[in-house]
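1. sharing a sequence plus its predicted fold:
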Protein chains: 2
Amino acid sequence: MGYLRIGELARLTDTNNETLRFYESRGLLEEPRRSDSGYRLYTQAEVLRVHFILRAKRMGFSLKEIDELLSLRVDKELNTCGTVKELAEHKLLEIDMKIKELNRMKDALQQITDACCGGEESAIHCTILNALDAE
Amino acid sequence: MGYLRIGELARLTDTNNETLRFYESRGLLEEPRRSDSGYRLYTQAEVLRVHFILRAKRMGFSLKEIDELLSLRVDKELNTCGTVKELAEHKLLEIDMKIKELNRMKDALQQITDACCGGEESAIHCTILNALDAE
DNA sequence: CTGTACCTTATAGTAAGCTTTAGGGTTTAT
DNA sequence: ATAAACCCTAAAGCTTACTATAAGGTACAG
Ligand SMILES: [Zn+2]
Ligand SMILES: [Zn+2]
Ligand SMILES: [Zn+2]
Ligand SMILES: [Zn+2]
């Protein structure tokens, strides 16, 4: 009574049964209790936990990192803000590096693309192709 | 005489034998002529081609897209700047979308991270953990 | 009692871009 | 002649985050 089966948890969290079982296999969800017939039985706590996972994913954390965050979350009183903030700042640095890398790509590609006429004549003089070819 | 074996091509392009064979398997490099003993024999043209591939990779093109670019490059006179520029602009859009996505992540994470004290006391009140938990 | 929706497991497949392994020939220097 | 360095193929493995398939058992409505 009050228990959720996997499909219901999936619906409530906008995921699906396979993903939830996958998260369990990766340790992101604890093994839930089972019904007599072996069905997984969840509580509201798991709804919150899945939402936590999804939010962390949207922040750019990998499942492995989310696993760490979850362990911190489980016994908050035993862990410090310092530990949590370190993880977050590390991730921020990674995101920043990716952004910089993409901006480098973008600028380089934008430059050779702007120079290309984009016309219907032959691409022999194409700045894009030629830039990729240049020594 | 004048031919390069795979290891030499790898050295000249700062790649390795396996990667070059992999590129061949993906159609990025043509099947080269072979020595009597079956060794791949390359010319300077392949050095240029591998450099093309590497530059395109640095611009963010996938191997599949590079394959397309290479076909365009091979007979430039049969293709138009318009075709090439279309590929480039499509890729620019993709890069832009990734940058925006990462910036969204960064801003959200930055906000909850800035609010975290990062101190040595228990994480019960941690803004990071709590933000990930919040409904 | 039968259909349908739901659940179970284990295993394999997907994407990208390689890397590694296994097992076996070739070239070159000493 | 032999060791080191080099090459070959085919196949498997790696990473991330799932998704799909096969071959079932269970719950419940009509
Ligand atoms: Zn042009
Ligand atoms: Zn052009
Ligand atoms: Zn704090
Ligand atoms: Zn904190």
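-> Nice, thanks for sending it over. Ligands and ions are numbered 1, 2, ... in the order given.
2. how about the nearest residue to the residue in chain A positioned nearest to DNA strand C, chain neighbours excluded?
-> The minimum distance from chain A to DNA strand C, using Cβ to the nearest atom of the strand, falls at A:G7 (2.5 Å). C-beta here means a position set from N, CA and C on the backbone, and glycine is covered the same way. Residue nearest to A:G7 in three dimensions, not counting chain neighbours: A:N17, with 5.9 Å by Cβ to Cβ, 6 or more residues apart in numbering or on different chains.
3. coming back round to it: where's the residue of chain A closest to DNA strand C, which helix or strand?
-> helix A:6-13 (DSSP states H and E).
4. packing partners for the longest helix anywhere in chain A?
-> With secondary structure taken from DSSP state H, chain A has its longest helix at helix A:81-114. If contacts are counted by 3 or more Cβ pairs under 8 Å, 6 or more residues apart in numbering or on different chains; DSSP states H and E, helix A:81-114 sits against helix A:63-74, helix A:127-133, helix B:81-115, helix B:127-133.
5. any idea whether A:L41 is helix, strand or coil?
-> Assigned by DSSP: H, G, I helix; E, B strand; the rest coil, the conformation of A:L41 is strand.
6. wait, it sits on A:G7?
-> No. The criterion here is Cβ atoms under 8 Å, and A:L41 misses it with A:G7 at 12.0 Å.
7. per-residue confidence, the residue of chain A closest to DNA strand C, what does it come out as?
-> Per-residue confidence (pLDDT) for A:G7: 98.
8. near ligand 3, which residues of chain A?
-> Counting by Cβ under 5 Å from the ion, chain A comes close to ligand 3 at A:C81.
9. does stretch A:29-49 reach chain B?
-> Yes. Residues of stretch A:29-49 contacting chain B under Cβ under 8 Å from any Cβ of the partner chain: A:L48.
10. any low-confidence regions in chain A?
-> Residues of chain A meeting the criterion pLDDT under 70: A:1, A:135.
11. domain map for it?
-> A:1-60, A:80-135 (automatic domain parsing).
12. in JSON lines, list those along with mean neighbour count.
-> Output for the domains of chain A, formatted as JSON lines (neighbours: other Cβ atoms under 10 Å in any protein chain shown):
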{"stretch": "domain A:1-60", "mean neighbour count": "15"}
{"stretch": "domain A:80-135", "mean neighbour count": "17"}
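13. can you pull the contacts of the residue in chain A that ligand 3 sits nearest to?
-> Ligand 3 sits closest to A:C81 of chain A, with a gap of 3.1 Å, by Cβ to the ion. By Cβ atoms under 8 Å, 6 or more residues apart in numbering or on different chains, A:C81 lies in contact with B:116-123, B:125-126, B:128.
14. ok, A:T127 next?
-> Contacts for A:T127 (Cβ under 8 Å, 6+ apart) come out as A:112-113, A:115-116.
15. again, but for A:T80
-> Neighbours of A:T80 in contact, by Cβ under 8 Å, 6+ apart: B:119-123.
16. dump those to TSV, plus distance to DNA strand D and secondary structure.
-> As requested, the contacts of A:T80 are exported to TSV (distance: Cβ to the nearest atom of the strand, whole Å; DSSP: H, G, I helix; E, B strand; the rest coil):
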residue	distance to DNA strand D	secondary structure
B:G119	29	coil
B:E120	30	coil
B:E121	30	coil
B:S122	28	strand
B:A123	23	helix
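17. so which of those comes closest to B:K91?
-> B:A123 (42.3 Å; Cβ to Cβ).
18. my read: that closest one touches B:N130, true?
-> No. The pair B:A123 / B:N130 is not scored as a contact, 9.2 Å apart, by Cβ under 8 Å.
19. show me what from chain A comes close to DNA strand D.
-> Contact residues, chain A versus DNA strand D (Cβ under 7 Å from any atom of the strand): A:16, A:18-19, A:22, A:35-39, A:57, A:62-64.
20. can you pull up the most central residue in chain A?
-> Closest to where the C-alpha atoms of chain A average out (Cα atoms, centre = their mean) is A:K57, at 3.6 Å.
21. so it sits in a strand?
-> No. Going by three-state DSSP, the assignment for A:K57 is helix, not a strand.
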